[in-house]
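Trainee: Build me a model from this:
(one chain, ligands or ions: 2)
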Amino acid sequence: MHGHAVALGAGTVLNALSTGTGSAFAIDAETAATVELDDSGTVTGEVAEDVDADTRLIERCVELAVERYGDDGAPFGGSVRTESDVPMAAGLKSSSAAANATVLAAADALGADPDRLDACRLGVRAARDVGVTVTGAFDDASASMLGGVTVTDNDTDEVLARDEVTWDVLVWTPDERAYSADADVEQCANVAPMAELVADLALDDRYAEAMTVNGLAFSAALGFSPRPAVEAMPHVAGVSLSGTGPSVVAVGDDSGLDRVQELWDERSGRTWRTTTRNDGARIQ
Ligand SMILES: Nc1ncnc2c1ncn2[C@@H]1O[C@H](COP(=O)(O)OP(=O)(O)O)[C@@H](O)[C@H]1O
Ligand SMILES: O=C(O)C1=C[C@@H](OP(=O)(O)O)[C@@H](O)[C@H](O)C1
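Mentor: Ligands and ions are numbered 1, 2, ... in the order given. Coordinates of the predicted model:
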């Protein structure tokens with residue numbers, strides 16, 4: 001029994017670590033998952049880009065998906081392998097993309113085509129079970145699964161708003177990695193009044209301005225330099241630290257992003273162009 005699915009990476013509008021309300025937008029970077037089910041009794045995971053990566057999230061996703069979408073006689077056990085364009089632990093929602101792709105691939109192996117939000121909530125549950133998240137990150141998971149930009153309540157796993165957006169995107173990804181589970185939640189709580197302002201802007205469809213305020217507040221709270229965002233500000237519509245970092249994402253028009261690319265190319269790491277995606281995850 002074989003299944004295959006793809007889900008998207010995303011950038012941050014509002015980091016949910018302060019108040020539980022978060023917002024993210026899907027980008028054109030994909031994670032693919034292939035699931036084979038058998039009756040071995042155990043699930044083993046593999047990450048194509050990193051043999052030492054933590055595979056508990058994708059293994060737990062297969063277990064939960066079999067429980068939910070399999071019938072009583074469904075085999076329990078198998079393997080899952082991910083292949084990803086989304087850099088791991090760089091603030092671009094690699095965990096959400098891997099979880100969504102895996103849940104859909106496991107459902108596909110069982111011959112099911114589940115409701116996307118139900119599948120997304122299952123992946124969030126898996127992330128909570130294995131401890132790779134602080135709030136569950138339903139903001140990131142919903143953007144990765146549905147496409148577009150979403151605003152969510154991560155305490156109740158409800159979507160507060162979703163919009164389709166067509167933005168050009170510039171991403172700077174430094175070489176360092178920052179795991180969400182290690183983020184300084186107390187410092188994030190200190191910037192809650194700013195997070196509330198960002199949520200108001202996002203719910204008023206002022207996503208780009210929301211991003212910029214988010215970036216200033218969370219760079220300060222999490223100890224990242226605001227300099228890459230500040231130097232981009234005259235040239236773009238919005239720019240922010242993405243998630244718990246270290247990547248920085250900017251949205252705007254082509255010529256403005258070209259100018260920022262020149263500035264960010266001076267920095268170590270990788271600066272790359274992409275676009276938003278409104279189509280979300282899919283079984284293939
Ligand atoms: N391609 C992948 N395949 C399997 N698991 C992954 C993959 N990418 C990320 N993960 C899981 O997500 C964790 C990183 O999550 P997190 O720190 O939240 O990073 P991000 O901000 O990129 O989502 C990894 O330790 C691993 O457990
Ligand atoms: O673990 C979490 O609850 C979250 C992690 C952060 O994202 P990253 O995983 O991209 O750092 C943040 O942006 C999100 O709103 C909530």
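
Trainee: I'd like to know how many residues surround N154.
Mentor: For N154, the tally of surrounding residues (other CB atoms under 10 Å) stands at 23. (C-beta placed from N, C-alpha, C; glycine too.)

Trainee: Quick one: residues contacting it.
Mentor: Contact analysis of N154 by CB atoms under 8 Å, 6 or more residues apart in numbering lists 16, 20-22, 135-139.

Trainee: Helices of this structure, start to end?
Mentor: 56-69, 94-109, 116-130, 138-146, 185-190, 192-203, 207-222, 227-232, 254-265 (DSSP state H).

Trainee: Can you name every helix or strand that the last one contacts?
Mentor: Okay, so that is helix 254-265. strand 168-173, helix 227-232, strand 248-252, strand 270-275 (3 or more CB pairs under 8 Å, 6 or more residues apart in numbering; DSSP states H and E).

Trainee: and ligand 2, which of these is closest to it?
Mentor: Among the helices and strands packed on helix 254-265, the nearest to ligand 2 by CB to the nearest ligand atom is strand 248-252 (10.6 Å).

Trainee: Okay, now the sheet partners of the closest one, with direction.
Mentor: Using DSSP bridges, strand 248-252 pairs in its sheet with strand 168-173 (antiparallel), strand 238-241 (antiparallel).

Trainee: Taking strand 270-275 as reference, get the angle to the first one.
Mentor: Here strand 168-173 runs at 160 degrees with respect to strand 270-275, directions being taken by axes from the mean of the first three to the mean of the last three CA atoms, to 10 degrees.

Trainee: Convert the C-alpha atoms of strand 168-173 to CSV, please.
Mentor: The C-alpha coordinates for strand 168-173 follow below in CSV (Å, rounded to 0.1, in the frame of the first residue of the first chain):
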residue,chain,number,x,y,z
ASP,A,168,6.9,38.0,-5.0
VAL,A,169,9.0,36.8,-2.1
LEU,A,170,12.7,37.2,-1.2
VAL,A,171,14.1,34.9,1.5
TRP,A,172,17.5,35.1,3.3
THR,A,173,18.4,31.8,4.9
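
Trainee: ok, residues contacting that strand?
Mentor: Residues contacting strand 168-173 (CB under 8 Å, 6+ apart): 11, 27, 87, 90, 92, 228, 232, 236, 242, 246-254, 257, 260-261, 264, 267, 269-276.
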